[in-house]
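Enquirer: Need a 3D model of the sequence below.
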Amino acid sequence: MNRSRLLPTGIAFLLIAAFMAAGALYARATLPFESPDETWHMAIVRYIRRYRALPPMVVSARIETASDLAGFYGYHEPPLYYAPPLYYSLAALLAAPFSPMEDLPDLIVPSPCWERGWGLVPGTSPENKNFFAHRFGEEASSSTVRVLYVLRGLSLLLGVATLLALWRAARLLWPERPWLCVGALAIAALTPQFIATSSGVTNDSLTNLLFALAFAAGIAARRSGSGRGWLALGGLAGLAMLTKQSGLMLLPLGMLMAAWREGNWRLRLRDALLFLGAALATGGWWYGRNAVLYGEPSGLATHLVHVRLPRFPNVVAVLDSFYAQFGWGVIRVHGAVYWAERFIVLGGGVGLLNSLRRGGSFWAMNEHKRQGLAILAVALVLNCTLLVPWILATGPSLGRLLYPSLLPVACLLAWGWAQWARWRAGRGLCVLLAAAGLGFVFVVPFRYLQPAFRSPLLRAVPEQTHGIVVEFEHGISLVGYAVKPEIGACLGPGDRIHVSLYWRADRVPVKDYFTWVQLGPDGGFPPLSKAHTFAGGTLYPTSLWRPGDIVRQDVVLAVPERPEVIGRMWVRAGFVDGDRRVTAIHSSEGAWDGNQQAARLGPFYVVDSTQH
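Expert: Sure thing, here's the model as predicted:
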């Protein structure tokens, strides 16, 4: 292999290595069950592992109340999620030597916000991004959680295989243009959400691989004309049908690949029938089974029972979630990143359209390549078309549902940007965007995932804190705090106080309590700033605390631009049980307020804008 081909190949494998490294970081930074649908996938794996049988299709009752919603997100046996069995059967075989997953029902604890009718908060801040509360002590030693990380490793390997299949398909399309193939690989490998999806327990990873293999096999079969190639493509389509219902998309695509090419029509018909027969023989039995047992072949009834109000998908939201929207779709990144993603899509789209003009580079390719690129475009359009009714029926605009078309997206965008790369400035811009994308994928786990999923449970109160002891009813004590700026500081309009409270469970709390934290004058009223949230946050609410737990809670209080009062101020912190403030029953000297309902921290001094 000469140097001109060796270098692109080396960079391609460096991109795949970077994908693996980033995927390991994403898997480590994301708490168990906080990757989309992970609880339901784990529940099916457990069911097959335990009963050695496929779970039945169970259609849940409609959700009418917040309590119904919280119950729906909990553990169910048999599972309420229903999907084709291939991924789950493979996962159950892999999980068998590690754990029977008996404690999975206890580990799945819906976030306390669901019970109160609150949703998660989309955005870049780390607060309230978790779908589930977490038993941090139990998770650390659970064999079920070890199985979860093993299956996340499986997903990551499937993601790597998807990239290899993409590289193979691109090389089949453009064997003489290795840098174009590197560009296609970079677009896929440096998509942060694809890395995150490939780092969770999900049947999407196997689906994405089978689609990529099918595209590569289809390109190869069109070139060779071998009947065995079409049988192999049909087998891949059948396996995709046994992994997820979206695999059905490969039926019309495979028929198109076989029919739309040069050659005798009888030969094309034979190949199309070989493909279709192999696909149905491999994957059709599950749909026939559903029709016999449940009167509905697709198995989608469980997904469509909670039909939402019709709402046409927001194209920008789909694009953004395709690129970077983590956790259960609520952890967003800085707005500039989304503008860069839109610029990449727009630039690739303009370049692609420019290549289609009369005399453009698209028409300079041979018929085989033109048809191959056109088939990839048809696959993307089909995926987008089918996504619209799904979003109308289920609600969320999830760009990751376009990952079966990741290979077409990467190849089409790479082809579009190749039109700009004819100029030196265009090539420089491509390199700059790739370098920025590579850096960003490694920023994500530290800047966005770790803060959102950081455990508030500590081994001990840190040394750099103010010592304090305020014991409240229900067996919870405040045993330390830290503030920034320090006590005695002067605060002006718009200034913020960062407060870290350290709570200790003296016995097992019986319910989820709230904390209230306020900044106010000596008498407490009027408060200048206040916060009201779950003690331990939504990640570790008090109902999960164990005796001796030390739990950190961070609160930010802001001085208003026009404070009602100025002068000496205190930070007060206490508990709420329903509508009643919990009484403090013991305190170190000077640590509680006069009515014994709060710990008192400070003082601070608020001044107006003329004094600040």
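
Enquirer: Residue ranges in this protein under the pLDDT threshold?
Expert: Scanning the chain for pLDDT under 70 picks out the ranges 1-4, 305-313, 395, 397, 589-590, 594-596, 610-612.

Enquirer: Domain-wise, how is it divided?
Expert: Using automatic domain parsing, the domain parsing of the chain gives 3-450, 457-606.

Enquirer: Any chance of those domains in CSV with mean neighbour count as columns?
Expert: For glycine as for every other residue, the C-beta is placed from the backbone atoms N, C-alpha and C. Formatted as CSV, these follow (neighbours: other Cβ atoms under 10 Å):
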stretch, mean neighbour count
domain 3-450, 19
domain 457-606, 18
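
Enquirer: can you pull out the helices in the stretch 301-450 of the chain?
Expert: Under the criterion DSSP state H, counting those that start in this stretch, the stretch 301-450 of the chain contains helices at 301-304, 315-323, 335-355, 361-364, 367-394, 406-420, 424-444, 450-453.

Enquirer: Same list (those helices) but as JSON lines, adding distance to residue 503.
Expert: Output for the helices of the stretch 301-450 of the chain, formatted as JSON lines (distance: least, Cβ to Cβ, whole Å):
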{"stretch": "helix 301-304", "distance to residue 503": "40"}
{"stretch": "helix 315-323", "distance to residue 503": "36"}
{"stretch": "helix 335-355", "distance to residue 503": "35"}
{"stretch": "helix 361-364", "distance to residue 503": "64"}
{"stretch": "helix 367-394", "distance to residue 503": "39"}
{"stretch": "helix 406-420", "distance to residue 503": "45"}
{"stretch": "helix 424-444", "distance to residue 503": "30"}
{"stretch": "helix 450-453", "distance to residue 503": "20"}
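
Enquirer: Give me the angle between the one helix or strand residue 155 maps to and helix 406-420.
Expert: Here residue 155, judged by DSSP states H and E, is contained in helix 143-173. If you take axes from the mean of the first three to the mean of the last three Cα atoms, to 10 degrees, helix 143-173 sits at 50 degrees to helix 406-420.

Enquirer: Just want the angle from helix 143-173 to helix 367-394.
Expert: Orientation of helix 143-173 against helix 367-394 (the same axes, to 10 degrees) gives an angle of 150 degrees.

Enquirer: helices and strands around the helix or strand following helix 143-173, which ones?
Expert: Using DSSP H and E, the helix or strand that follows helix 143-173 in sequence is helix 178-189. With contacts taken as 3 or more Cβ pairs under 8 Å, 6 or more residues apart in numbering; DSSP states H and E, helix 178-189 sits against helix 3-29, helix 143-173, helix 406-420, helix 424-444.

Enquirer: on that earlier part again, which of the helices of the stretch 301-450 of the chain sits closest to residue 282?
Expert: Shortest distance between residue 282 and those, using Cβ to Cβ, is found for helix 367-394: 19.7 Å.

Enquirer: on contacts alone, who are the packing partners of that closest one?
Expert: Using 3+ Cβ pairs under 8 Å, 6+ apart, helix 367-394 is in contact with helix 143-173, helix 204-224, helix 250-259, helix 301-304, helix 361-364, helix 406-420.

Enquirer: just how off-centre is the last one within its chain?
Expert: Right, helix 406-420. Helix 406-420 sits 24 Å away from the centroid of its parent chain (Cα atoms, centre = their mean, to the nearest Å).

Enquirer: Convert that helix to PDB, retaining C-alpha atoms only.
Expert: Extracted C-alpha coordinates of helix 406-420, given in PDB (Å, rounded to 0.1, in the frame of the first residue of the first chain):
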ATOM      1  CA  LEU A 406     -26.100   7.000   9.900                       C
ATOM      2  CA  LEU A 407     -24.100   5.600   7.000                       C
ATOM      3  CA  PRO A 408     -26.200   7.400   4.300                       C
ATOM      4  CA  VAL A 409     -26.000  10.700   6.400                       C
ATOM      5  CA  ALA A 410     -22.200  10.400   6.700                       C
ATOM      6  CA  CYS A 411     -21.600   9.500   3.100                       C
ATOM      7  CA  LEU A 412     -24.000  12.200   1.700                       C
ATOM      8  CA  LEU A 413     -22.500  14.900   4.000                       C
ATOM      9  CA  ALA A 414     -19.000  13.800   3.200                       C
ATOM     10  CA  TRP A 415     -19.800  14.000  -0.600                       C
ATOM     11  CA  GLY A 416     -21.300  17.500  -0.100                       C
ATOM     12  CA  TRP A 417     -18.200  18.800   1.800                       C
ATOM     13  CA  ALA A 418     -15.900  17.200  -0.800                       C
ATOM     14  CA  GLN A 419     -17.200  19.800  -3.200                       C
ATOM     15  CA  TRP A 420     -15.800  22.500  -0.900                       C
END
